[in-house]
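> What would the 3D arrangement of this be:
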Amino acid sequence: MKNIMLVCVAGMSTSLLVSKMQKAAQEQNIEADIYAIAENEVDKILKSKNVDVLLLGPQVRYLKGTFESKYKEKNVPIDVINMADYGMMNGENVLKQALKLIG
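Numbering: from 1, shown residues only. A predicted model of the protein is given here:
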């Protein structure tokens, strides 16, 4: 089971992308827990849940360095979702990005 966290300003704008990623995962028989949260919820979630990858919406890309420093000991890969894939809500490509980061 892959645990994929998407982070945006309020956890709302990425909800459609989450749905498309879940559909792509299902079509590829990939077991994944994919969800979107607001940037201010990251601390709480990471304290209670293991996360395999953390993807940032383009609107919160400025948090990448902060999150990398803050969560370094958790060894969670952190990256910014490709802006074109985000804009087109390309769940398949974002899922590929997440899986590549997980390794």
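> Can you list the buried residues in the lowest-mean-pLDDT helix or strand in the chain?
Taking mean pLDDT, DSSP states H and E as the measure, the chain has helix 42-48 as its least confident helix or strand, at a mean of 92. Using 16 or more other CB atoms under 10 Å as the test for burial, helix 42-48 gives 42, 46. Any C-beta I mention is one placed from the backbone N, CA and C, and that applies to glycine too.
> any idea which helix or strand comes after that helix?
strand 53-56 (DSSP states H and E).
> How far off centre is the next helix or strand after that next one?
Once the chain leaves strand 53-56, the next helix or strand it forms, by DSSP H and E, is helix 64-70. Relative to its chain's centre, helix 64-70 lies at 14 Å (CA atoms, centre = their mean, to the nearest Å).
> which residues are contacting the helix or strand just after helix 64-70?
Per DSSP H and E, the first helix or strand lying C-terminal to helix 64-70 is strand 78-80. Residues outside strand 78-80 that contact it (CB atoms under 8 Å, 6 or more residues apart in numbering) are 53-58, 61, 64, 67-68, 71, 97, 101.
> change it to 7 Å
With CB atoms under 7 Å, 6 or more residues apart in numbering as the test, strand 78-80 has contacts from 54-56, 58, 61, 64, 67-68, 97, 101.
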